[in-house]
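1. predicted coordinates and the sequence they were generated for:
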Amino acid sequence: MTVTTEAVSRPPWSRLGARTGRGRTGGKPAPWAWAAPAILLLLTIHYLAIAAGAWYAFTDWSGASPRASFIGLANFRHILQDHTARTALTNTLELTVCFVVAVNVLGLLLALGTRRTLKTRNLIRSLFFAPAVLSPLAVSYIWQFIFDYNGPLNFILRMAGMGSQQRAWLGSPSWALWTVLVVLVWQFAGLAMIFYLAGLQSIPDELEEASAVDGATPFYHFRRVTLPLLAPALTVSFTFTLLLGLRIFDQIIALTGGGPVNATETLATQVYKQTWVYGRFGYGAALALVLSLLVAILAFAQLAVLRLRERGG
Amino acid sequence: MGLFRYSWRTFLREMLLLALAALWWLPFYILTTTSVKPSSEGFTSPFQLPGHPDLGIYAQAWQGSGNGSLGQALESSLIITIGSVMALIALGSSAAYVVARRGGRPGNVVYLLFVLGIILPYQLGIVPLYAAFRRLGLVGNYAGMVLLYTGLLMPLTVFLYTGFVRALPRDYEEAAQVDGAGHGRIFFRVVFPLLRPVTGTVAILTGLIIWNDFFLPLVFLSGTAYITLPVAVYSFVGEYGAQWNLIFAAVAISILPVLGFFLLAQRQLIRSFGGGIKG
Amino acid sequence: MLVLLSACGSQSSPQASSGAPVTIHIETQASGTAPWDAVIKDFEKAYPSIKVQISYVPIATYPQVLLTQLRGGHGPDLMYGSSGSGNPNSLLPLARAGYLYDLSHEPWSSQLPSTFDAYEKIGSARYMFPLDVPVIGVFYNPDLFRQLDVQVPATFSQLLSVCGQIKAKGKAAWVLAGAAPPNTGILSMELAANWVYGPDPSWDAERAAGKVTFSGSQLWKNALQRVIDMNKAGCFEQGVEGVQTEAARQLFASGQAAMYGLPMAAYAATKQLNPNLTIATMPFPGPTPETSYVPVAPSDSLAVNKASPVRSAAVRFIDFLARPQEARRMATLQGAFSWSDYKQLEEGSLSQSDFQRTGLSWASGYLPTIRAKRVRQLGNLLWPNGKVYDVLGTDIQGLLTGQKTIDGTLSDMDAAWGSSS
């Protein structure tokens, strides 16, 4: 029985890999054929298709005009002088840094807080996770309503005797970006919690108990035992929320449209506007590539730091 | 064992978290109460319970708009989401297993290609993809949507799986190998069950992204009777404004299935493989 | 998995059961389905061999969806769009790119008012059919004016003083969706009709020829100054700079605000929010009643895909829509004039009883202005790209928050004008 399984599941070429890819402990690696469908999809749906579309970044194509002429790097040079693009870059970075930090701190606290012993832990987790289930558009409808001048938030402020603090939250040049941040943190803290919960599940109880028996303070215990073991979850959560933050789009378009006057404009909203509203497909494509480059640099820098920490314990 | 006992401090923690969770749910409270109020009442007293809750609005929302009923949209969304998530889990976990266990230069290069795939601006590829899918007869049907989402979200899936496989001790696999088990057996009997927490994460993440996406179904399914839930919900909002109660009712209907799924499945999804209780 | 995939796939192409019927696919923006439902039903009854499949695309993504499909070689057979070239969903750029079919040989084409040509034609070729002709003016709530004991303003200076009176009584005089560029844009086009195109109807042509600029135009400065005047006089609702379309509509429909600048086509959606609301109409109060103008354009249009495999059926659908009764049916449900009714209004040949029959009697406030030919272009539709109007709408929000000045706004518009490739 076992013999047949082995014969079927190990095609001849796997023996080649077995020699070169042998791990420290001498296990035989699985055959590449298992990864073939995923790799094929990756190469066609991502690399091939995107390469075909990325060509337009080097043209002046409008998106509808019959012709696109090659203009080399002119679009990229133009980005450097584009005042709105610079504002968008600043907003993107501010929003993303605050988003990643807030969401992960909150998510980790929620995961630790609802970890075990609580009688209602499943309920509490579900309640916190629920916003992540909503579509970005649904989220935007609800919060647009809440932030409306005649809406619930200003209503609370009036009731609390803080009527002077009432404002048009999403229309205020100095508040709009932070208002958007509140919505994003509300929506995604529960998602970060899920990453950390999954990570916590992989920590054997015995380790925790041993440390508890040693009489370690909770904080010491967290730093020395829990946090190092959470490193993989930390990496995944930070990477995912970073990617999410840098590319947040739907919520901003629906909440503020990037306004008032660029106050909440991000690179993602600029890509959309240039491409589809302003009829500058080539320029929008160039912006999209620049945004991806930024994402790549930040994501790999962050990954490198986190991996170092993972190894360092 | 003091760590797992229910003490008064645990009670305090529970109360604190419950209070915070209630605050977190205020928007949902507003969503549901507003949905059953007459549309003019919503703004005047946002926190008041509706005097005469009008549940008929849900029936009206269920009827949907010009694009079709919410029931039809629900079916489309379920088929596309479940199909794509299953394909992603099957193809992604096995690919990640190979990538992680192979290691070495080829493994790392392939891993890097997948990670770059997450970062690349997929929007740039949509027009070429649409043209290719149309030629292959994959426009206007579920199969095309499933293939599209499986491809688009494969990098994220492989990234998530690879990280967890790498952290997985090889002891179990080696033990199985010593027992003479083949790769298929090892993967399905030993590795895949150990990957349950990350499978849960993958299912939730990719499922949510697919469930909530509305641009791709608009492009790839237009001209057919199929629409997905987000498209249906969005259709309630016309150019010149909308009725909050109707929109909110549609939103409430659209989140129920996913929320229900999470409630039922979270015990399964976030289960430990280390041992003992938890859940 | 493969079994599942192929099972799903087999549901795809719907085959007709009898005869050889063709299906035409219309793609349009999601903004009310009633007008389409009505005409499609009529059409399918008149042409049993043609089925109509319509999809409604959310407005914000409509240009994106449509262009992706057209570029991918598989657009809808009939597509909705805005006439002219100044909106993201404008049809003339698609015509220039060769996607649209020339409709100028259809019987109705030569009967359309010649004022429509600039929006719909390139040379002698007409690329779209006008679904309706909305007048852009002011919706007001006559009951609220009566209840507050305030006179309906007929001039701009009256408007400013009315604003103070209404505000003093705890209501908003003028509701503006300050955070929604489409609505701030509409207000600015009403102001432009009165202060720019009123005195100088050919201003856009001069701008296109490069003879004038926005920033060098005293007329445009006058027009935008009116936004600031209205804001100072307390015309707008509280927190106007953060108000989105939905909330603005709600304020007006619930009787919290007295006036709202809108195209006629917004009527049905507004009534839907509050069926008991009485809506009356008037032109935007200009310098004097005799110099108050309204912008009018055949903005909502339908075009035929040149590459459509069922093009003749698609053209037949438009020919059907162009019949005066069908056109009126569709336009009325939309809340605007049909091309033929509007033509007769302009010519003064539509009698009062005929007008009652159009079902648009609520819009009679616009009649004297139209009959006196105090009608101006909806300039933004004729601008070269979508950015100029978007910048204008966005910067008006900036005028309200203090982020922008009039001169800054106008030079942004000049820069946007030149940015199209």
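-> Thanks, I have the structure now.
2. for the rest of this, base every contact and every neighbour count on C-alpha atoms.
-> Fine.
3. who are the packing partners of the helix or strand hosting C:D42?
-> C:D42 belongs to helix C:34-46 when assigned by DSSP states H and E. In terms of contacts (3 or more Cα pairs under 8 Å, 6 or more residues apart in numbering or on different chains; DSSP states H and E), helix C:34-46 is packed against strand C:50-57, helix C:311-322, helix C:324-334.
4. C-terminal to the first one, what's the next element?
-> Translated: strand C:50-57. Per DSSP H and E, the first helix or strand lying C-terminal to strand C:50-57 is helix C:62-71.
5. buried ones in the helix holding C:D42?
-> For helix C:34-46, a neighbour-count test (16 or more other Cα atoms under 10 Å in any protein chain shown) marks C:35-36, C:39-40, C:43 as buried.
6. about what we covered before: mean neighbour count, distance to B:S94 and mean pLDDT added to the helices and strands packed on helix C:34-46, as CSV?
-> Formatted as CSV, the helices and strands packed on helix C:34-46 follow (neighbours: other Cα atoms under 10 Å in any protein chain shown; distance: least, Cα to Cα, whole Å; pLDDT from 0 to 100):
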stretch, mean neighbour count, distance to B:S94, mean pLDDT
strand C:50-57, 22, 38, 90
helix C:311-322, 19, 48, 96
helix C:324-334, 21, 55, 90
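7. from C:P153, how far out is the closest residue to B:T224 other than its chain neighbours?
-> Spatial nearest neighbour of B:T224, chain neighbours left out: B:G140 (6.1 Å); criterion: Cα to Cα, 6 or more residues apart in numbering or on different chains. B:G140 sits 54 Å away from C:P153, going by Cα to Cα, to the nearest Å.
8. and those two? Which one has more around it.
-> B:G140 (24 against 18; other Cα atoms under 10 Å in any protein chain shown).
9. check the gap between that one and B:S76 for me.
-> From B:G140 across to B:S76, the span is 12 Å (Cα to Cα).
10. find residues that contact each of the two.
-> Common neighbours of B:G140 and B:S76, counting by Cα atoms under 8 Å, 6 or more residues apart in numbering or on different chains, are B:Y226.
11. wait, A:P31 sits on B:V98?
-> Yes - if you go by Cα atoms under 8 Å, A:P31 and B:V98 touch, sitting 6.7 Å apart.
12. between those two, who's got more neighbours?
-> A:P31 (26 against 22).
13. residue closest to the middle of chain C?
-> In chain C, the residue lying closest to the centroid (Cα atoms, centre = their mean) is C:S299, at 5.1 Å.
14. so who does the closest residue to A:L291 other than its chain neighbours touch?
-> Among residues not flanking A:L291 along the chain, A:L267 sits closest, at 6.6 Å (Cα to Cα, 6+ apart). Contacts for A:L267 (Cα under 8 Å, 6+ apart) come out as A:85, A:88-89, A:92, A:247, A:287-288, A:291.
15. and A:L267, how close does it get to chain B?
-> As judged by Cα to the nearest Cα, to the nearest Å, A:L267 and chain B stand 12 Å apart.
16. gap between that residue and C:T291?
-> In terms of Cα to Cα, A:L267 sits 45 Å off from C:T291.
17. and stretch B:160-168, how far from the chain's centre?
-> Relative to its parent chain, stretch B:160-168 has a centroid offset of 20 Å by Cα atoms, centre = their mean, to the nearest Å.
18. now swap in stretch C:101-110 and tell me
-> Offset of stretch C:101-110 from its chain centre (Cα atoms, centre = their mean): 22 Å.
19. for it, give me every contacting residue.
-> By Cα under 8 Å, 6+ apart, the list of residues contacting stretch C:101-110 reads C:95, C:124-128, C:303-306, C:319, C:322.
20. switch to 7 Å and redo it
-> C:125-128, C:304-306, C:322 (Cα atoms under 7 Å, 6 or more residues apart in numbering or on different chains).
21. filter these down to the ones in helices?
-> Among those, the members falling in helices are C:A322 (criterion: DSSP state H).
22. and of the contacts of stretch C:101-110, the nearest to C:N87?
-> Proximity of those to C:N87 (Cα to Cα) peaks at C:M128, which lies at 15.2 Å.
23. who's in contact with that closest one?
-> Neighbours of C:M128 in contact, by Cα under 7 Å, 6+ apart: C:103, C:120, C:301-303.
24. export those residues to JSON lines and tack on distance to C:L345, neighbour count and pLDDT?
-> As requested, these are exported to JSON lines (distance: Cα to Cα, whole Å; neighbours: other Cα atoms under 10 Å in any protein chain shown; pLDDT from 0 to 100):
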{"residue": "C:L103", "distance to C:L345": "25", "neighbour count": "20", "pLDDT": "97"}
{"residue": "C:E120", "distance to C:L345": "20", "neighbour count": "26", "pLDDT": "96"}
{"residue": "C:S301", "distance to C:L345": "20", "neighbour count": "23", "pLDDT": "96"}
{"residue": "C:L302", "distance to C:L345": "22", "neighbour count": "23", "pLDDT": "97"}
{"residue": "C:A303", "distance to C:L345": "25", "neighbour count": "32", "pLDDT": "97"}
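25. and the two most separated of the residues you listed?
-> It's C:L103 and C:S301 that sit farthest apart of these, by Cα to Cα, at 12.4 Å.
26. C:R226 is in what secondary structure piece?
-> C:R226 is located in helix C:218-232, with elements delineated by DSSP H and E.
27. after that helix comes which helix or strand?
-> helix C:245-253.
28. what about that following helix, near chain A?
-> No - applying Cα under 7 Å from any Cα of the partner chain, one finds helix C:245-253 separated from chain A by no less than 7.5 Å.
29. is that helix in proximity to chain B?
-> Yes - against chain B, helix C:245-253 shows contacts by Cα under 7 Å from any Cα at C:245-246, C:249.
30. so A:E265 is in which element?
-> Element membership for A:E265 (DSSP H and E) is empty, with no helix or strand holding it.
31. the residue in the stretch 101-250 of chain A that chain C sits nearest to - nearest residue in space that isn't next to it in sequence?
-> Closest approach between the stretch 101-250 of chain A and chain C, counting by Cα to the nearest Cα: A:G171, at 3.6 Å. Leaving aside its sequence neighbours, A:G171 sits nearest to C:G242 (Cα to Cα, 6+ apart; 3.6 Å).
32. so what's the one you found up against?
-> By Cα under 7 Å, 6+ apart, C:G242 lies in contact with A:168-171, C:178-179.
33. swap in 8 Å and give it another go.
-> A:148-149, A:168-172, C:177-179.
34. circling back to that earlier point, of all the helices and strands packed on helix C:34-46, which one is nearest chain B?
-> Chain B sits nearest to strand C:50-57 of all those, at 6.1 Å, using Cα to the nearest Cα.
35. anything in the closest one near chain A?
-> No - applying Cα under 8 Å from any Cα of the partner chain, one finds strand C:50-57 out of contact with chain A, separated by at least 14.4 Å.
36. now check that strand, is it near chain B?
-> Yes - legend: contact between strand C:50-57 and chain B by Cα under 8 Å from any Cα is shown at C:53-57.
37. now, among the residues you listed, which is nearest to chain A?
-> Looking across the residues of strand C:50-57 next to chain B and measuring by Cα to the nearest Cα, the closest to chain A is C:V57, at 14.4 Å.
38. any idea how far B:T157 is from B:V258?
-> 20 Å.
39. who's more crowded, the two?
-> Higher neighbour count among B:V258 and B:T157: B:T157, with 30 against 19, using other Cα under 10 Å.
40. excluding chain neighbours, what is closest to the more buried one?
-> Distances taken as Cα to Cα, 6+ apart put B:G92 closest to B:T157, at 5.7 Å, once the chain neighbours are dropped.
41. before we move on, the earlier item: now the helix holding C:R226, how far from the chain's geometric center?
-> For helix C:218-232, the distance to the chain centre is 23 Å (Cα atoms, centre = their mean).
42. then it to CSV, C-alphas only?
-> Output in CSV follows, covering the C-alpha atoms of helix C:218-232 (Å, rounded to 0.1, in the frame of the first residue of the first chain):
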residue,chain,number,x,y,z
GLN,C,218,-13.0,88.6,-15.5
LEU,C,219,-16.2,86.8,-16.4
TRP,C,220,-15.0,83.6,-14.7
LYS,C,221,-13.8,85.5,-11.7
ASN,C,222,-17.3,87.0,-11.4
ALA,C,223,-18.8,83.6,-11.6
LEU,C,224,-16.7,82.0,-8.9
GLN,C,225,-17.0,85.1,-6.7
ARG,C,226,-20.6,84.2,-6.4
VAL,C,227,-19.7,81.0,-4.6
ILE,C,228,-17.8,83.0,-2.0
ASP,C,229,-20.7,85.5,-1.7
MET,C,230,-23.2,82.7,-1.1
ASN,C,231,-20.9,81.1,1.5
LYS,C,232,-20.5,84.4,3.3
